[in-house]
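>>> Pasting a predicted model and its sequence here:
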Amino acid sequence: MRGVEKLLVLFAALTWGVAIARCETNSLSSLVETSAKRLLIAKKVALAKWDSGAAVEDAPREAEVIRKAVKDAEAKGLDAAQVEDFLRAQIEANKLVQYSLLADWRRHGKAPPHAPVDVVKEIRPQLDQMEKQLISGLLDSAAERSTTTCRADVAKAVGDYLDAHKLSANSRNAVALDRAMATTCTNRGE
């Protein structure tokens with residue numbers, strides 16, 4: 001092989017490697033984006049709970065959400081325990097935002113002005129759609145989530161999301177997003 005041919009082969013191999021890495025990052029980035037969108041719904045949930053006086057914790061509803069998501073995920077070939085852990089992290093992150101917002105509003109003696117929020121008609125359908133998108137995201141990112149670099153890759157994807165949306169790494173939603181993505185990797189080793 002001549003020098004030019006070797007360079008072309010090397011260039012092609014490097015380009016292919018970059019394309020594969022970009023694809024992996026994109027599937028994790030997509031999963032982070034969906035998780036972040038789910039967290040944005042937390043404010044509406046908190047407003048509804050402020051208005052109704054309902055508790056943040058709703059164990060029966062959480063169990064139902066997880067049960068349905070696990071059933072859907074298993075039908076697509078995903079590991080039930082991993083999906084349960086991931087969905088539980090999503091729910092815990094959402095509750096983290098709710099608790100924080102409610103505490104802020106209590107400190108100020110009022111919630112921000114808002115129209116009434118209907119949990120059943122408005123919020124649950126949005127959350128149900130997000131669960132389906134999260135399951136698809138888990139399926140799409142299965143290979144990346146099993147790598148030894150997954151934790152670093154997820155942290156980078158979250159960091160990229162924060163940068164793109166001009167969010168501080170120690171903001172409420174950033175902390176919640178880190179919590180939501182904490183169980184993304186199937187390879188739990190460091």
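Alright, I've got the coordinates. Residues are numbered from 1 along each chain as shown.
>>> Grab the most central residue of this protein for me.
Central residue check for the chain by C-alpha atoms, centre = their mean: the C-alpha nearest the mean position is that of Ser35, 2.4 Å away.
>>> I figured that one hits Arg179, correct?
No. Ser35 lies out of contact with Arg179 (C-beta atoms under 8 Å); the separation is 9.8 Å. From N, CA and C alone the C-beta is placed, and that goes for glycine too.
>>> what do the two both touch?
Any residue near both Ser35 and Arg179 by C-beta atoms under 8 Å, 6 or more residues apart in numbering counts here, and that gives Ala93.
>>> The residue nearest to Leu167 when sequence neighbours are not counted - how many residues pack around it?
When the adjacent residues along the chain are set aside, Leu167 lies closest to Ala174, with 5.3 Å between them (C-beta to C-beta, 6 or more residues apart in numbering). Applying other C-beta atoms under 10 Å, we find 19 other residues in the vicinity of Ala174.
>>> so which helix or strand takes in Ala174?
When elements are defined using DSSP states H and E, Ala174 is found to belong to helix 172-180.
>>> Quick one: residues in contact with that helix.
32, 35-36, 38-40, 42, 89-90, 92-94, 96-97, 100-101, 155, 158, 161-162, 167-168.
>>> cool, stretch 111-119 as well?
By C-beta under 8 Å, 6+ apart, the list of residues contacting stretch 111-119 from outside reads 44-48, 50-51, 105, 123.
>>> Next, report how far it is displaced from the centre of its chain.
Computed by C-alpha atoms, centre = their mean, to the nearest Å, the chain-centroid distance of stretch 111-119 equals 24 Å.
>>> Could you tell me the average pLDDT over that stretch, please?
Confidence over stretch 111-119 (mean pLDDT, whole number) is 95.
>>> Against which helices or strands is the helix or strand in which Arg124 is found packed?
Assignment of secondary structure by DSSP H and E places Arg124 within helix 124-140. Based on contacts counted as 3 or more C-beta pairs under 8 Å, 6 or more residues apart in numbering; DSSP states H and E, the elements that helix 124-140 packs against are helix 3-40, helix 59-75, helix 80-108.
>>> Can you point out the buried residues in it?
In terms of neighbour count (16 or more other C-beta atoms under 10 Å), helix 124-140 has its buried residues at 127, 130-131, 133-138, 140.
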